[in-house]
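1. Build me a structure from this.
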Amino acid sequence: MKLTNQYNRHIIPAIIVIFLGSTISSYFLIRDVLQSELDRAIIRTKKRIENYVDQNHRIPDINSFDDLVIRFVPASSGIADSGFSSSTQYIPEQKKFHLSRQLVFNMTVAGQNWNVTISQPLEGTRHLTILIAEVAITSISLTLILLMVMNRLVLSRIWKPFYRSLDLIKTFKVDDPGNLMFPDSHIEEFQLMNAHFFKAAENANRDYRNLKEFSENASHEIQTPLAIMRSNLDLLAQENMTEKQSELLQSVYSAMRKMSRLQQSLLLLTKIDNQQFQPVSDIRLDLVLRDKFQQIQELFHVKNLRIDMSLTETCIPTNKELLDILLNNLFSNAIRHNIENGDIRIQLGKNSLAISNTGIDAPLDPSRIFRRFYKNPRQNENNGLGLSIIKQICDTTALNIRYEFESGLHHFTIGW
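-> This next block holds a predicted model:
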């Protein structure tokens, strides 16, 4: 999950909680403010009534057309003021009762005690409260939406150099670093990250060059001792030796041949890494496969292998020498790791070449099979570089290879 999404997962619930809290608080606050204002209006009405009585010594005539209701009820004795309270009031125009605020107090007019009730419906206040609350909710909602949109835009702009640096690292090749130009940023953390990225890329490229030079030098330097050993062994084989000595000599020959194959494989991998197979041309793969089959068909007869070959006319752009090495390794792998009276299937389509063979009745490790020096525990006679060479050639020539084990067959499929 991206950091911005993780950030939104935490910030959005907090914004929603703040939004709900603000909305509820605004509603009750506005309601209390309007109710207090209504109470003050009722108190002002009470004061006007008291002033009228003080000046005219009589109860005023009430001629009101609004919802303010004033009632005078004679009282036998003085009663203490009861203050504000909530009650219901019938509104004739609407023909229904509404919640109202009322003030009950006592006053004496010309020696007569009166209970005075002033009531005002809360309906107008309630509507005004709802209206103001709706305006507040709309304003808060728009503010939060704009805040989230601005937050997303700002975060996207801030993190843009970070993702550009990641794209550069993603396309970085240790054998071809090119000119790494990380984007400038005024953010200190991004500057530090880019500096570490650049330093790591330099170190990786330097280590790769050192290792490549070592492999090249080692592969070439081994050739001379191997040639001397082979020459001396040939001279020694011409001498009269006992049977035990001959067996020992054969074991030395076998070890030397294995070392020679290993040296040649490592040298080939070095050449592939160094891009020494550059020329590319369109090659009829079906014709190449037929020629290759004619060249190595005697090897199939050694283990009595059954061949099932289906070829479609296909032309691919690749290097001819690398293609020859690729097919040699594929066929060699299918023959060497097969069983007596086994099967080999070759299927060439427009977009893939599949070579399948019988062998050990168990799948190989797909995560390690193309690594250098990987060997199956049951087969230790090979040097573990054949499939690695195949993978390296595929990577160099923009091909892809995959391995599958199904129905007792090991399938190697090359696609383009």
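2. quick one: secondary structure of M107?
-> strand (DSSP: H, G, I helix; E, B strand; the rest coil).
3. Kindly report the same for L323.
-> Relying on three-state DSSP, one would call L323 helix.
4. Tell me how many other residues surround it.
-> Neighbour count of L323, defined by other Cβ atoms under 10 Å: 19. Just so you know, the C-beta spots here come from the backbone N, C-alpha and C atoms, and that holds for glycine as well.
5. With N210 instead?
-> Neighbour tally, N210, other Cβ under 10 Å: 10.
6. In contact with it, which residues?
-> Residues near N210 by Cβ atoms under 8 Å, 6 or more residues apart in numbering: none.
7. so after the helix or strand containing it, what's the next helix or strand?
-> Following DSSP states H and E, one finds N210 within helix 188-237. Using DSSP H and E, the helix or strand that follows helix 188-237 towards the C-terminus is helix 243-273.
8. just checking, what packs against that following helix?
-> helix 188-237, helix 386-396 (3 or more Cβ pairs under 8 Å, 6 or more residues apart in numbering; DSSP states H and E).
9. buried ones in the last one?
-> Buried positions in helix 386-396, judged by neighbour count with 16 or more other Cβ atoms under 10 Å: G386, L387, S388, I389, I390, K391, Q392, I393, C394.
10. tell me the angle it makes with helix 243-273.
-> 10 degrees (axes from the mean of the first three to the mean of the last three Cα atoms, to 10 degrees).
11. Now do the helix or strand containing I24: which elements does it pack against?
-> Under the criterion of DSSP H and E, I24 resides in helix 3-56. Applying 3+ Cβ pairs under 8 Å, 6+ apart, one finds that helix 3-56 contacts strand 96-109, strand 112-121, helix 123-170.
12. and with 10 Å instead?
-> Under the contact definition 3 or more Cβ pairs under 10 Å, 6 or more residues apart in numbering; DSSP states H and E, helix 3-56 sits against strand 69-75, strand 83-91, strand 96-109, strand 112-121, helix 123-170.
13. Return the distance of that helix from the chain's centre.
-> In this view, helix 3-56 has its centroid 46 Å away from the chain centroid, taken as Cα atoms, centre = their mean, to the nearest Å.
14. swap in stretch 249-258?
-> Worked out by Cα atoms, centre = their mean, stretch 249-258 lies 53 Å from the chain centre.
15. how many neighbours does the closest residue in space to F97 that isn't next to it in sequence have?
-> Closest residue in space to F97, ignoring its immediate chain neighbours: T88 at 4.4 Å, by Cβ to Cβ, 6 or more residues apart in numbering. Here the number of neighbours of T88 (other Cβ under 10 Å) works out to 12.
16. Report the beta-bridge partner residues of T88.
-> As for beta bridges, T88 partners with L99 under DSSP bridges.
17. quick one: it from L211, how far?
-> Distance check for T88 against L211: by Cβ to Cβ, to the nearest Å, it reads 93 Å.
18. just D39 next, same as before
-> 88 Å.
19. okay, those two: which has more neighbours?
-> In this view D39 and L211 are compared by other Cβ under 10 Å, and D39 has more residues nearby, 15 against 12.
20. wait, the more buried one sits on R101?
-> Yes: with contact defined as Cβ atoms under 10 Å, D39 reaches R101; the gap is 6.3 Å.
21. Kindly point out which residues are neighbours of both of the two.
-> F84, Q120 (Cβ atoms under 10 Å, 6 or more residues apart in numbering).
22. What residues of stretch 182-202 count as buried?
-> F182, S185, F190, M193, N194, F197, A201.
23. Could you chop this protein up by domain?
-> 3-144, 188-273, 281-415 (automatic domain parsing).
24. Mean neighbour count, those: which tops it?
-> Of all the domains of the chain, domain 281-415 has the most neighbours on average by mean count of other Cβ atoms under 10 Å, namely a mean of 15.
25. Throw the domains of the chain into TSV and include distance to L166 and mean pLDDT, thanks.
-> TSV is the format used below for the domains of the chain (distance: least, Cβ to Cβ, whole Å; pLDDT from 0 to 100):
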stretch	distance to L166	mean pLDDT
domain 3-144	12	76
domain 188-273	9	79
domain 281-415	22	86
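26. Turn these into a markdown table, columns for distance to S156.
-> Below are the domains of the chain laid out as a markdown table (distance: least, Cβ to Cβ, whole Å):
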| stretch | distance to S156 |
| --- | --- |
| domain 3-144 | 7 |
| domain 188-273 | 14 |
| domain 281-415 | 34 |
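27. And L353, its phi and psi?
-> When read as degrees, to the nearest 10, the backbone of L353 gives phi -130, psi 120.
28. For it, which non-adjacent residue is spatially closest?
-> I414 (4.8 Å).
29. So what pairs up with the one you found in the strands?
-> L353, I401.
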